[in-house]
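A.B. asks: Next comes the sequence, and after it the predicted model I'd like to discuss.
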Amino acid sequence: MERLSMTALRGARLLSDVEETNLEEVWSDYLPGRIQKLNAKPKHPKFLPIPSLNALAAKNFRATRSIPLAVTGRQLPLIYRVVSGLVSAPHRKTLLIIDTEHRFDVTRLSCSAEDIRHVYVHRPAFRGIPTTDGDHRAATRRLTPDQIRVLVAASEKWIYYGAHNSGGRTWWGTIVIGALGGGDITAAWKGWLHVELSSIPGFFIGCTIQEGLADRQRRQNDVDAAPWVASSQWGDLAFTESHSAAAEAKRPLARRRRASVL
């Protein structure tokens with residue numbers, strides 16, 4: 001009887017040292033610390049698969065201490081180029097794209113079907129964002145910076161701890177299309193890098209309608225072959241949408257105008 005009492009006393013003492021908790025508290029205490037560590041803000045711009053673009057990002061960082069690549073203008077061709085290069089050999093990264101405007105077209109990527117499997121596109125539902133103009137088909141472009149930060153954190157949490165097929169690849173980061181507030185690359189209305197199609201020669205003075213129509217196919221070929229131009233106060237670069245094309249080079253650029261084809 002005395003031995004039983006001593007055992008019970010020892011058990012009671014052990015139980016008194018145990019702090020009651022639950023799985024939700026463990027989740028909230030443990031995972032945020034890991035996510036914060038994994039999501040720690042980089043101290044320098046992330047690697048990009050275009051050397052001249054890396055150079056521009058480095059110049060912008062030295063001058064402004066701003067890390068994200070903020071693209072404006074006709075952003076998507078540059079996004080396709082960067083994504084295709086990052087997920088292909090030799091880099092073979094994994095990327096997350098938050099497409100708030102539902103404009104990202106995966107068929108424009110110039111990489112293999114195997115590499116495309118490691119590009120994860122999240123499109124927030126249009127119906128979930130309230131508007132003030134009476135349009136019940138709410139537009140995700142009205143997402144606030146705080147909402148974007150929440151979306152980025154939740155999506156990256158899934159990348160780190162969710163079930164997917166990219167565990168063997170290195171995680172590169174997040175691209176946000178159509179909104180500001182988070183991401184390693186933003187493609188929205190505001191940015192320090194402006195993308196437009198390079199200048200296409202216009203019709204010669206005195207060109208007739210018949211001559212213009214006869215020259216239509218050549219001009220269309222010129223438009224299709226024209227490189228894109230990314231401009232900033234730190235310099236310009238020309239690039240093509242395909243990452244397998246010849247390397248881009250910096251060069252003086254004439255004043256640009258929108259290309260028009262009959």
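C.D. replies: Nice, thanks for sending it over. Numbering: from 1, shown residues only.
A.B. asks: which stretches of the stretch 151-262 of the chain have low pLDDT?
C.D. replies: When residues are selected by pLDDT under 70, those of the stretch 151-262 of the chain lie in 199-226, 243-262.
A.B. asks: What segments of it are helices?
C.D. replies: The residue ranges that make up the helices of the stretch 151-262 of the chain, judged by DSSP state H, counting those that start in this stretch, are 209-214, 216-225.
A.B. asks: gap between residue 240 and residue 77?
C.D. replies: Here residue 240 is placed at a distance of 8 Å from residue 77 (CB to CB, to the nearest Å). Yep, even glycine has a C-beta here, placed from its N, CA and C like the rest.
A.B. asks: For these two, indicate the residue with more neighbours.
C.D. replies: residue 77 (20 against 16; other CB atoms under 10 Å).
A.B. asks: That one falls within a helix, correct?
C.D. replies: Yes - Residue 77: assigned to a helix according to DSSP: H, G, I helix; E, B strand; the rest coil.
A.B. asks: Give me the buried stretch members for stretch 53-61, please.
C.D. replies: Across stretch 53-61, burial judged by 16 or more other CB atoms under 10 Å covers 53, 56-57, 60-61.
A.B. asks: any chance you could map the strands in the stretch 51-200 of the chain?
C.D. replies: Shown for the stretch 51-200 of the chain, the strands assigned by DSSP state E, counting those that start in this stretch span residues 69-73, 93-99, 119-122, 170-177, 185-187, 193-197.
A.B. asks: Please work out which of the ones you listed is packed deepest.
C.D. replies: The highest mean neighbour count among the strands of the stretch 51-200 of the chain, using mean count of other CB atoms under 10 Å, belongs to strand 185-187: a mean of 27.
A.B. asks: Overlap of the contact sets of residue 240 and residue 77?
C.D. replies: residue 228 (CB atoms under 8 Å, 6 or more residues apart in numbering).
A.B. asks: now do the same end-to-end measure for stretch 184-193.
C.D. replies: 14 Å (CA to CA, to the nearest Å).
A.B. asks: can you check stretch 97-113 too?
C.D. replies: First residue to last in stretch 97-113 (CA to CA) measures 17 Å.
A.B. asks: Repeat that for stretch 98-109.
C.D. replies: Distance between the two ends of stretch 98-109: 16 Å, counting by CA to CA.
A.B. asks: Report the buried residues of that stretch.
C.D. replies: Those buried within stretch 98-109 under the rule 16+ other CB under 10 Å are 98-102, 104, 109.
A.B. asks: Just flag the most distant two among those.
C.D. replies: Using CB to CB, the buried residues of stretch 98-109 reach their maximum pairwise distance at 100 and 109, which is 19.0 Å.
A.B. asks: tell me the domain ranges of the protein?
C.D. replies: Listed domain ranges for the chain are 51-66+192-262, 67-191 (source: automatic domain parsing).
A.B. asks: So residue 121 versus residue 109, what's the distance?
C.D. replies: Using CB to CB, one gets 11 Å for the distance from residue 121 to residue 109.
A.B. asks: do residue 46 as well
C.D. replies: 19 Å.
A.B. asks: ok, now residue 158?
C.D. replies: 21 Å.
A.B. asks: and what of residue 174?
C.D. replies: In this view, residue 174 and residue 109 are 17 Å apart by CB to CB.
A.B. asks: Ok, residue 198 next?
C.D. replies: Counting by CB to CB, the gap from residue 198 to residue 109 is 22 Å.
A.B. asks: these two touch, right, residue 92 and residue 117?
C.D. replies: No - applying CB atoms under 8 Å as the test, residue 92 and residue 117 come out as separate, 11.4 Å apart.
A.B. asks: how many neighbours does residue 239 have?
C.D. replies: Applying other CB under 10 Å, I find that residue 239 has 23 neighbouring residues.
A.B. asks: Give the full set of residues in contact with it.
C.D. replies: Here residue 239 is in contact with 50, 53, 77-78, 81, 227-228, 230, 248 (CB under 8 Å, 6+ apart).
A.B. asks: Quick check: ChimeraX command selecting the buried ones in those residues.
C.D. replies: Selection of buried members from the contacts of residue 239 for ChimeraX, criterion 16+ other CB under 10 Å:
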select :50,53,77,78,81,227,228,230,248
